[in-house]
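> test case, fold it:
(2 chains)
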Protein chains: 2
Amino acid sequence: MLDPITIRKARREDVADIVGLLADDHLGAGREVVSDPPAAAYFEAFDKIAADPRNLLAVAEDRDGEIVGTLQMTFIPGLSNQGAELALIEAVRVESGLRGQGLGQVMIGWALDEARRRGCRFVELFTHNSRVDAQRFYERLGFEKSHAGMRRNL
Amino acid sequence: MLDPITIRKARREDVADIVGLLADDHLGAGREVVSDPPAAAYFEAFDKIAADPRNLLAVAEDRDGEIVGTLQMTFIPGLSNQGAELALIEAVRVESGLRGQGLGQVMIGWALDEARRRGCRFVELFTHNSRVDAQRFYERLGFEKSHAGMRRNL
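Numbering: from 1, shown residues only, chains lettered A, B, ... in the order given. From the prediction side, this is the model:
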């Protein structure tokens, strides 16, 4: 049973906890750098997100004020689909000890509500091919694997 | 052999041509409304894109000034990957009579340069599962089908 959870916009003092969640993951472990304090690049990225009305970084906080989840949303205007706005959900992470207890569902439900509130007509997300459990999770929440998600390094 | 092409930021007077390109497509045909002038929703979406420094709608213009291609880019800040910025490419269309002649490659090359110029470290895009030719095209340009692209209507 999941304790009461608050989902809210991330603050600058949450950056270390968010980086910890990003790193605590089979893909993230190899690409994040965890230090105290976090590297300046993380704060620079946070400041860019916080300054942009079309980006929203959120955290899930448990009853003790501990950060136990995070996700980011980007609200993208576009001409396609008769000018429909799209919400992209990225960097979804749940603390490893809390997985499988419904926190992810609460977080995605919150994100869908936020997308609706902003008038978006679609939500899209990428999940790495290796995240088979995540893909099943999103399918249960009404997402379809309708697209290939393609990526290229620069 | 491809005639000289200019790729540039879209202007409001290009909206009708862009909508025409979006509709001239096996998926777009069922979801766009082509009218003269285009529906107000398309102009409203254009204005939102034009007002946002993190979104870029581009067109490809042939030597006669005709619009023969379009794509949109969104430059997304994020904490993941040590604060790496991501460029999302969307709504890529090439005029049907010009497909297979290299215009798409010129357009994507332009988009990759633009993403590099802005300091992005990754480029991502969704292609519908049914666009098998497009997936091969992007693979030739260095993209990998590393992710599932999941979508949900609201």
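> any residues touching stretch A:45-52, and which ones?
Residues outside stretch A:45-52 that contact it (Cβ atoms under 8 Å, 6 or more residues apart in numbering or on different chains): A:10, A:12, A:15, A:55-57, A:72, B:54, B:77-79, B:83-85. Using the backbone N, CA and C atoms, a C-beta is placed for each residue, glycine as well.
> quick one: those residues as CSV, columns for secondary structure and neighbour count too.
Formatted as CSV, the contacts of stretch A:45-52 follow (DSSP: H, G, I helix; E, B strand; the rest coil; neighbours: other Cβ atoms under 10 Å in any protein chain shown):
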residue, secondary structure, neighbour count
A:10, coil, 21
A:12, helix, 9
A:15, helix, 21
A:55, strand, 20
A:56, strand, 21
A:57, strand, 24
A:72, strand, 22
B:54, coil, 20
B:77, coil, 23
B:78, coil, 21
B:79, coil, 28
B:83, helix, 25
B:84, coil, 19
B:85, coil, 20
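> output those residues as JSON lines; include the columns distance to residue B:93.
Output for the contacts of stretch A:45-52, formatted as JSON lines (distance: Cβ to Cβ, whole Å):
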{"residue": "A:10", "distance to residue B:93": "36"}
{"residue": "A:12", "distance to residue B:93": "40"}
{"residue": "A:15", "distance to residue B:93": "39"}
{"residue": "A:55", "distance to residue B:93": "26"}
{"residue": "A:56", "distance to residue B:93": "29"}
{"residue": "A:57", "distance to residue B:93": "32"}
{"residue": "A:72", "distance to residue B:93": "28"}
{"residue": "B:54", "distance to residue B:93": "21"}
{"residue": "B:77", "distance to residue B:93": "27"}
{"residue": "B:78", "distance to residue B:93": "27"}
{"residue": "B:79", "distance to residue B:93": "32"}
{"residue": "B:83", "distance to residue B:93": "32"}
{"residue": "B:84", "distance to residue B:93": "28"}
{"residue": "B:85", "distance to residue B:93": "25"}
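> closest one of the residues you listed to residue B:151?
residue A:72 (17.3 Å; Cβ to Cβ).
> I'd guessed that closest one sits against residue A:87; true?
No: contact between residue A:72 and residue A:87 fails when scored by Cβ atoms under 8 Å: they sit 10.6 Å apart.
> and residue A:31, what pLDDT?
Note on residue A:31: pLDDT of 88.
> ugh, typo on my part, it should be residue A:1
At residue A:1, pLDDT is 57.
> in three-state terms, label residue A:111 for me.
Following DSSP: H, G, I helix; E, B strand; the rest coil, the label given to residue A:111 is helix.
> just give me the neighbour total for it.
Here the number of neighbours of residue A:111 (other Cβ atoms under 10 Å in any protein chain shown) works out to 22.
> quick one: contacts for it?
A:58, A:71, A:73, A:87, A:89, A:123.
> now residue A:76
A:54, A:85-88, B:55, B:74, B:88, B:90.
> let me know the closest of the residues you listed to residue B:25.
Out of the contacts of residue A:76, the member with the shortest distance to residue B:25 (by Cβ to Cβ) is residue B:90, at 13.4 Å.
> and the closest one, bridged to which residues?
residue B:72 (DSSP bridges).
> these two touch, right, it and residue A:80?
Yes: Residue B:90 lies in contact with residue A:80 (Cβ under 8 Å); the separation is 7.4 Å.
> in chain A, which helix or strand is least confident?
The weakest-scoring helix or strand in chain A, judged by mean pLDDT, DSSP states H and E, is helix A:80-83 (a mean of 93).
> so which elements touch that helix?
helix B:40-50 (3 or more Cβ pairs under 8 Å, 6 or more residues apart in numbering or on different chains; DSSP states H and E).
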